[in-house]
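S.K.: Sequence first, then the predicted structure, then my questions.
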Amino acid sequence: MLANEITKANLRTMVISFYTKVLEDELVGPFFIDKLGPNLGGQTWGEHLDILTDFWASIYLSDMAYRGSPFAPHLELDGLKRETFERWLKLFFETVDTVYELDIAEQFKNRGTLIAGNFMRNLGL
């Protein structure tokens, strides 16, 4: 059953589902594997999943647990291209469609598109 509201629990589900897809993707996956390892069960991944859950909770639930800059880590990645972000969005869209009802999924898609656009612009892509 698709979620009809945003909660911290279903944000966590969305984040885990998304990064499961990311790790399997030949274009986007290597960026994450290089930095975080090949297994979501590792400690580094656990911390990353917590950060991303808190990030989305800060946007949609006014949760104050997120402390950081979502853009800064991307400055350290060599080889990012527009195609990388386009694939990221494709995987993200697929994921939110499996977790949330249409109106909520559309909110995530709009926000994800905005974030990816800002990142690409700031990276000169």
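M.R.: Okay, I see it. Numbers count the residues shown, from 1 in each chain.

S.K.: Quick one: neighbours of Lys81, just the number.
M.R.: Neighbours of Lys81 under the rule other CB atoms under 10 Å: 12. Where you see a C-beta, it was placed from the backbone N, CA and C, and this is true even at glycine.

S.K.: can you check the one 10 residues further on too?
M.R.: Applying the criterion other CB under 10 Å, we find 22 residues in the vicinity of Leu91.

S.K.: Buried residues, the stretch of helix or strand it belongs to. List them.
M.R.: Using DSSP states H and E, Leu91 sits in helix 82-99. For helix 82-99, the neighbour count (16 or more other CB atoms under 10 Å) marks Thr84, Phe85, Arg87, Trp88, Leu89, Leu91, Phe92, Phe93, Thr95, Val96, Val99 as buried.

S.K.: Touching the helix or strand harbouring Arg111 from outside, list them.
M.R.: Using DSSP H and E, Arg111 sits within helix 102-123. Helix 102-123 is touched from outside by 3-6, 14, 59-60, 70-71, 74-75, 80, 82, 85-86, 88-89, 92-93, 96-97, 99-100, with contacts defined as CB atoms under 8 Å, 6 or more residues apart in numbering.

S.K.: now do 6 Å
M.R.: Under the contact criterion CB atoms under 6 Å, 6 or more residues apart in numbering, helix 102-123 has outside partners His74, Arg82, Phe85, Leu89, Phe92, Phe93, Val96, Asp97.

S.K.: As CSV, those with pLDDT would be great.
M.R.: Shown next, in CSV, are those (pLDDT from 0 to 100):
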residue, pLDDT
His74, 66
Arg82, 93
Phe85, 93
Leu89, 97
Phe92, 98
Phe93, 98
Val96, 98
Asp97, 98
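
S.K.: SS state for Tyr66?
M.R.: Of the three states, Tyr66 takes coil under DSSP: H, G, I helix; E, B strand; the rest coil.

S.K.: how many neighbours does it have?
M.R.: With other CB under 10 Å as criterion, Tyr66 counts 16.

S.K.: What are the contacting residues of stretch 83-99?
M.R.: By CB under 6 Å, 6+ apart, stretch 83-99 touches 3, 13-14, 17-18, 21, 27-28, 105, 108-109, 112, 116, 120.

S.K.: quick check: mean pLDDT across stretch 108-115?
M.R.: In this model, stretch 108-115 carries a mean pLDDT of 97.

S.K.: Brilliant, that's me finished.
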